[in-house]
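Student: Make a model of this:
(one chain, ligands or ions: 2)
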Amino acid sequence: MRSDLLALDDDALATLANRGLVKRARKEVDRGDGPSLTADGETVVATFADGTVTTLPPGVALQHAPCSCGASAVCRHRVATVMAARAAGGPETSVQVGLPPLDIDDDALLARLGRRLLTKAERLRDAGVTATVRTTSPPEVLLPTCTVRFLVPWELAHARCDCRDGVDCAHTALAVWALRAADLGLAESVVSLGTAGASDADLLARLEALEADVLAHGWTGAVDALVGRVEALEAEAGHAGLVWLADLLATLREAVGRYTAGHRAADAHSVGALVGELGLRARTPPGPALPRAWLHGEGRMERTSLDHTVLRGIGARVRPDGDTTVLQVFLRDGDARDALVLMRRHDGAPDGEALARRRLLGSTVATVCTGNITTRAASRLPNRAVEVGGQTSRQTAVLPDGGASLERAARPLAEVREELAGRVPSALGPRIRASRVVLTAFTEVR
Ligand SMILES: [Zn+2]
Ligand SMILES: [Zn+2]
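Tutor: Ligands and ions are numbered 1, 2, ... in the order given. As a prediction, the model looks like this:
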């Protein structure tokens, strides 16, 4: 029996299809209503009682395996075929799982992805990409905008990405390169691919000069000139792939820009903090404890479309910014560590009750904050800012939730505290919008 099919357990199948489909197929197979299997060489052929025929050739992603039902997504026949194949393999068949695909070379990637996608991946890599490699089972690689899971570590056909393409995308190649560069003895490691900032010195010096000028002369005198200067530096940082510096400069440009737009009470405190952070990031030399990928950022501020996703509202933060109010709604995306942030800005001072009733995503702010958003129209940036569209095309639906999923996701306070204490200060780390938002449950009020 094919070892890749044996390694696709029900959890892996749920990642490739969905829980509901896996449950249905599991019931059928357990009831004895599964398909009858024959083998044609390495290809598994399954025939169902109603005449549906599913074929699983080796090296073909499950969603691309032919099924006579005609479904383009993974259907219950394909899922049931894998289950039946596993059952036929016998319970004592042991499979080695969890080992990353170390032996996948660039020729294998080329054969799998084709020249066009591999070139795209090489271009992304050469611009600089930072990845977090987790040697979990299955191993997963967190890229700036998506996550690749190797459901069957030695078989690229079963690598699954949470971008819209799902399988056989350029991210798969980046993930393989990240695995190759990672220290697999560690549970989690951060690797940098591509250019490692040989020519940043000039830009960094000009960022320091900007900080010095603002500190010496203030920023309210010649705002237009300052905005122009910040904009130019932002474009340059973006072009160099210094994604956190570009993000910081963009935030600074917006804050200063609001002052010129007539918001006379623009928040001087936040401008000061941003300028200070700029100087700190420009002056601190990158090293093992503070890699360049955190301090300056590596990669592009590009939007990634998310595949069909359920985002769970876990609350919101409201704060005044000058004479406006900033609303940040925090959304959990599966088991990802950092929440996604949906941001809105409203005129006037914060008024919680009025804000809670405002319209958001075809629903209200209060419902989104505690509900579930099912969407095919979400996209996110590397800083985990998310935008959700599709309200009119019905690609997005907001459903209220009683909070049970929040309770399940909450972790003990001590654990959360320890984790947060171990992270670098926000002004020196990746500019993830909700990097300090965690879910914990209180047990006692004293
Ligand atoms: Zn089918
Ligand atoms: Zn992808």
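Student: any idea which helix or strand comes after the host helix or strand of residue 179?
Tutor: Mapping residue 179 onto the secondary structure by DSSP states H and E places it in helix 170-181. Counting by DSSP H and E, the next helix or strand C-terminal to helix 170-181 is strand 188-193.
Student: Mind listing the strands that following strand pairs with, and their directions?
Tutor: Paired with strand 188-193 in the same sheet, following DSSP bridges, are strand 129-134 (antiparallel).
Student: Quick one: classify residue 152 as helix, strand or coil.
Tutor: coil (DSSP: H, G, I helix; E, B strand; the rest coil).
Student: Give me the phi and psi for it.
Tutor: phi -120, psi 100 (degrees, to the nearest 10).
Student: ok now do it, which residues does it touch?
Tutor: Under the criterion of C-beta atoms under 8 Å, 6 or more residues apart in numbering, the neighbours of residue 152 are 4, 7, 8, 12, 97, 138, 158. C-beta: built from backbone N, CA, C; applies to glycine.
Student: hmm, 7 Å instead?
Tutor: 4, 7, 8, 158 (C-beta atoms under 7 Å, 6 or more residues apart in numbering).
Student: Model confidence score at it, please.
Tutor: What the model reports for residue 152 is a pLDDT of 87.
Student: Check the gap between it and ligand 2 for me.
Tutor: 17 Å (C-beta to the ion, to the nearest Å).
Student: what does this protein put close to ligand 1?
Tutor: Counting by C-beta under 5 Å from the ion, the positions of the chain adjacent to ligand 1 are 67, 69, 71, 75, 77.
Student: swap the cut-off to 6 Å and go again
Tutor: By C-beta under 6 Å from the ion, the residues of the chain that approach ligand 1 are 52, 54, 67, 69, 71, 75, 77, 78.
Student: who touches the last one in this structure?
Tutor: By that I understand residue 78. So residue 78 contacts 54, 62, 65, 67 (C-beta under 7 Å, 6+ apart).
Student: Closest to ligand 2 out of those?
Tutor: residue 62 (16.1 Å; C-beta to the ion).
Student: I figured that closest one hits residue 14, correct?
Tutor: No - the criterion here is C-beta atoms under 7 Å, and residue 62 misses it with residue 14 at 11.9 Å.
Student: okay, those two: which has more neighbours?
Tutor: residue 62 (26 against 15; other C-beta atoms under 10 Å).
Student: can you pull out the helices in the stretch 301-446 of the chain?
Tutor: Along the stretch 301-446 of the chain, counting by DSSP state H, counting those that start in this stretch, helices occupy 352-357, 365-370, 404-409, 413-421.
Student: Span of stretch 162-178 from start to end?
Tutor: 17 Å (C-alpha to C-alpha, to the nearest Å).
Student: Next: stretch 362-381.
Tutor: Length of stretch 362-381, first residue to last, C-alpha to C-alpha: 22 Å.
Student: Now do it: everything it contacts.
Tutor: 145, 301, 303-306, 308-313, 315-316, 327, 329, 331, 340, 355-358, 360-361, 386-391, 395-401, 403.
Student: Show me which positions of stretch 316-336 end up buried.
Tutor: 316, 318, 321-322, 324-333 (16 or more other C-beta atoms under 10 Å).
Student: thinking again about what came up before, so of the helices of the stretch 301-446 of the chain, which one's packed in deepest?
Tutor: Ranked by mean neighbour count under mean count of other C-beta atoms under 10 Å, the helices of the stretch 301-446 of the chain are led by helix 365-370, which reaches a mean of 20.
Student: roughly how far is that helix from the heart of the chain?
Tutor: 22 Å (C-alpha atoms, centre = their mean, to the nearest Å).
Student: For it, the averaged confidence score.
Tutor: 93.
Student: Which pLDDT value belongs to residue 93?
Tutor: 49.
Student: now swap in residue 73 and tell me
Tutor: 85.
Student: How about it, nearest residue that isn't a chain neighbour?
Tutor: Leaving aside its sequence neighbours, residue 73 sits nearest to residue 63 (C-beta to C-beta, 6 or more residues apart in numbering; 6.1 Å).
Student: try residue 247
Tutor: residue 431 (4.8 Å).
Student: Spatially nearest residue to residue 302, not counting backbone neighbours?
Tutor: Residue 302's closest residue in space is residue 145 (C-beta to C-beta, 6+ apart), at 6.5 Å.
Student: So which residue is smack in the middle of the protein?
Tutor: residue 146 (4.1 Å; C-alpha atoms, centre = their mean).
Student: Contacts only, for the residue in the stretch 1-150 of the chain positioned nearest to ligand 2.
Tutor: Nearest residue of the stretch 1-150 of the chain to ligand 2, counting by C-beta to the ion: residue 146, 5.1 Å away. Contact analysis of residue 146 by C-beta under 7 Å, 6+ apart lists 161, 162, 163, 171, 304.
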